[in-house]
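Q: what follows is a predicted structure for the sequence shown.
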Amino acid sequence: MTSTKYIFVTGGVTSSLGKGIISASLAKLLQARGFSVTIQKFDPYINVDPGTLNPYEHGECYVTDDGAETDLDLGHYERFLNVPTSQANNVTTGRIYYNVIKKEREGEFLGKTVQVVPHITDEIKNSIYKLGETDQFDFVITELGGCVGDIESLPFIEAVRQARFELGPTNALNIHLTLIPFLNAAGELKTKPTQHSVKQLLEAGIQPDILVCRSEHKLPQDLRKKIALFCNVPHNCVIEAMDAESIYDVPLLMRKEKLDERVLSRMKFSYKKEPGLEHWKEFLGRLKNPTDEIKLALVGKYVELQDAYKSISEAFVHAGAANECKVNVTWISSEEIDGTNAKKLLSNVHGLLVAPGFGERGIEGKIESIKYVRENNIPFFGICLGMQCATVEFARNVLKLESAHSREMNGETENAIIDLMEDQKNLTEMGGTMRLGAYDCQIKKGTKAYQTYGQTKISERHRHRYEFNNKYLEEFEKHGMIASGVNPKTGLVEIVELKDHRWFVGSQFHPELKSTVLNPHPLFVKFVKAALLYKRELTSTER
Ligand code: GLN
């Protein structure tokens, strides 16, 4: 067994308590003390991965370098730690069963009856230990989705119980995240739901080591003592987690509550040195003291659930801080926009982002909004479907190819500006043809993309089926829309931009997936900057 330490994060009372942010914050504090840390998420649903889930139900699907389609919490892990995750960092019940059933079909169990205990629980434990066995990490933090007591979480809880037993008390630790509600009528914070959820954990054989208590109010000492007594945890291991103004405040709040120290002392490490959080604090300083602000429109299909564009929102937060500028995003449903109201909806924004997406709904609204900002020289950024729409709009309105469309929206069009590649056409299995994960891109010098990245070789993450049809490239470039980034192996277009426009850029890849606190993504930073300059120009001409 390796020397890796394992931390399990469970949740009780309700879902949505922010286990992902607490896990990422603890990881950040440990990392800031010089430890290497990774975080893993277990999701108790039957889907093998969240790739097939509707973003309305589960928020954005986050894609890693190795092409895994994962839970959006992995985005938080990367944004906080600035270390890439992979398929091994997100495991669902579906994947566990899939692996076990595959082994059964291959005869690996030698005629034995295959059961939840031990076969499913062993497979879960394998997934826990897999990251530790790479010998890359001092700590593996495993976050369990759902709540203790849920039927579907039971095998995970049992696997954690076994792992704790196998690893021993100084190598494994359990943090339980719970809610302390405030009852208005009684004017009191109530600990009973926490006591009950700890009892449920105890029934499953797990004694929590640390309780992180979410609450809208401060936890007074006497209440902490009461929780400690009833839940068998030391008084100083009852940690308060008040609602924070920004998720990026949470590492500092956890530092104040000494969460990292409790973990380290429990695992027999010294914690005399302070964590090095200078860069983080600097980022918070810039985030909280903007010198200017801009208004951007985000046009997309899933605007009712903002988690559907989580990484984009966070990338704006990073880029805003980099520019010392508050970014106010107005969310507009693409179905709302048409040729008659684009001006009304967009004339007072300083930039437009057209979001990624799938399917036909709202597509004409996206195209209309792009037409408006292209013609009015307003900064534009299109991501994936947003970039594809920008090329269709250009083909229709500049090249005068009226029937121009993407094959995804119109299978019959004579001008499929966006099309399936030849080798994809026979593959129909859902998801089977998707281009997923990191691909190289070669950037042409003298372009906005080059000014943005400052280098010619980049790698970015993809999640799409359709591509720009290179048959049209010459005509596009002749009329001012150029391919400034191209895949060096396949020649597929990765970035388009307009020559005669203040900032009009579309990327076939998803830059938002690589934006972190430490490395705000250059395309977002430059887009925000372009919008800021545009705003300043507008206000100076108004004067
Ligand atoms: N639907 C488009 C495609 O599959 C774009 C996907 C996306 O925006 N992620 O190519």
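A: All right, it came through fine. Residues are numbered from 1 along each chain as shown.
Q: check whether the residue of the chain most remote from its centre sits in a helix, strand or coil.
A: In the chain, the residue that sits farthest from the middle, by Cα atoms, centre = their mean, is Gly111; the gap is 42.0 Å. What DSSP: H, G, I helix; E, B strand; the rest coil gives for Gly111 is coil.
Q: how much space separates it from Glu104?
A: If you measure Gly111 against Glu104 using Cβ to Cβ, to the nearest Å, the figure is 10 Å. The C-beta positions use only the backbone N, C-alpha and C, and glycine is treated the same way.
Q: assumed Ile239 was part of a strand.
A: Yes: judged by three-state DSSP, Ile239 forms part of a strand.
Q: pull the distance from the strand or helix carrying Leu353 to the chain's centre.
A: Here Leu353 is covered by strand 351-354, with elements defined by DSSP states H and E. Distance of strand 351-354 from the chain centroid (Cα atoms, centre = their mean, to the nearest Å) equals 20 Å.
Q: hmm, who's touching it?
A: 294, 296-300, 312, 334, 346, 366, 369-370, 373, 378-383, 385-386, 389-390, 503, 527-528, 530-531, 534 (Cβ atoms under 8 Å, 6 or more residues apart in numbering).
Q: and stretch 245-258, by the same measure?
A: So stretch 245-258 is in contact with 18, 21-22, 24-26, 28-29, 32, 76, 80, 236, 239-242, 244, 260, 275, 277, 280-281, 283-284, 287, 317, 517, going by Cβ under 8 Å, 6+ apart.
Q: can you name the residues bridging to the nearest residue to Tyr466 once chain neighbours are set aside?
A: Once flanking residues are discounted, Tyr466 sits nearest to Ile418: 4.8 Å by Cβ to Cβ, 6 or more residues apart in numbering. Applying DSSP bridges to Ile418 yields these beta-bridge partners: Ser406, Phe468.
Q: the spatially most central residue of the chain: which element?
A: The centre of the chain sits closest to Gly75, judged by Cα atoms, centre = their mean, with a distance of 2.8 Å. Element membership for Gly75, per DSSP H and E: helix 73-81.
Q: stretch 265-284: which residues count as buried?
A: Neighbour counts over stretch 265-284 (16 or more other Cβ atoms under 10 Å) mark 266-267, 269, 275, 277, 280, 283-284 as buried.
Q: taking these together, which two end up most distant?
A: Checked with Cβ to Cβ, the buried residues of stretch 265-284 reach their widest spread between Arg266 and Phe283, with 29.3 Å between them.
Q: backbone dihedrals for Trp331, please?
A: Per-residue torsions, Trp331: phi -90, psi 120 (degrees, to the nearest 10).
Q: can you give me the neighbour number for it?
A: Counted with other Cβ atoms under 10 Å, the neighbours of Trp331 add up to 15.
Q: I'd assumed Pro50 was in contact with His58.
A: Yes: His58 is in contact with Pro50 according to Cβ atoms under 8 Å; the separation is 5.6 Å.
Q: between those two, tell me which one has more neighbours.
A: More neighbours surround Pro50 than the other of His58 and Pro50, with 24 against 17 (other Cβ under 10 Å).
Q: circling back to that earlier point, the contacts of strand 351-354 in strands, which ones?
A: 294, 296-300, 380-383 (DSSP state E).
Q: low-confidence ranges in this protein?
A: 1-2, 426-432, 542-543 (pLDDT under 70).
Q: one more time with 80
A: Flagging of the chain using pLDDT under 80 yields the residue ranges 1-2, 55-57, 422-432, 541-543.
Q: which residues of it lie near the ligand?
A: 356-358, 384-385, 388, 408, 463-466 (Cβ under 6 Å from any ligand atom).
Q: for ChimeraX, write a command that selects the buried ones of these.
A: Only the buried entries of the residues of the chain next to the ligand go into this ChimeraX selection, using 16+ other Cβ under 10 Å:
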select :356,357,384,385,388,408,463,464,465,466
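Q: want to try TSV for the residues of the chain next to the ligand, with secondary structure as columns?
A: Formatted as TSV, these follow (three-state DSSP):
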residue	secondary structure
Pro356	coil
Gly357	coil
Phe358	coil
Cys384	coil
Leu385	helix
Gln388	helix
Glu408	coil
Arg463	strand
His464	strand
Arg465	coil
Tyr466	coil
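Q: which of the residues of the chain next to the ligand sit farthest apart?
A: Glu408 and Arg463 (13.7 Å).
Q: thinking again about what came up before, next helix or strand past the helix holding Gly75?
A: Using DSSP H and E, the first helix or strand after helix 73-81 is strand 90-92.
Q: who are the packing partners of that next one?
A: Here strand 90-92 touches strand 37-43, going by 3 or more Cβ pairs under 8 Å, 6 or more residues apart in numbering; DSSP states H and E.
Q: now the helix or strand following the strand it packs on - C-alpha only, PDB.
A: Note on strand 37-43: by DSSP H and E, the next helix or strand toward the C-terminus is helix 55-58. Only the C-alpha atoms of helix 55-58 are listed here, as PDB (Å, rounded to 0.1, in the frame of the first residue of the first chain):
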ATOM      1  CA  PRO A  55     -28.000  20.000 -18.700                       C
ATOM      2  CA  TYR A  56     -31.400  21.100 -17.200                       C
ATOM      3  CA  GLU A  57     -31.200  18.200 -14.800                       C
ATOM      4  CA  HIS A  58     -27.600  18.000 -13.900                       C
END
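Q: what does helix 55-58 rub up against?
A: 50, 61, 71-72, 302, 304-305, 307-308.
Q: ok, now with 7 Å
A: 50, 61, 302, 305, 308 (Cβ atoms under 7 Å, 6 or more residues apart in numbering).
Q: top of the ones in strands among the contacts of strand 351-354 by number of neighbours, please.
A: Val299 (31 neighbours).
Q: can you tell me how far it is from Phe394?
A: From Val299 to Phe394 the distance is 17 Å (Cβ to Cβ).
Q: now do Leu492
A: For Leu492, the distance to Phe394 (Cβ to Cβ) stands at 18 Å.
Q: so the two - more neighbours on which side?
A: Using other Cβ under 10 Å as the criterion, Leu492 and Phe394 rank with Phe394 on top: 27 against 19.
Q: quick revisit: and the contacts of helix 55-58, which of them are buried?
A: Buried by 16+ other Cβ under 10 Å: 50, 61, 302, 308, out of the contacts of helix 55-58.
Q: surely the first one meets Glu69?
A: Yes: Pro50 is within contact range of Glu69, at 6.0 Å (criterion: Cβ atoms under 7 Å).
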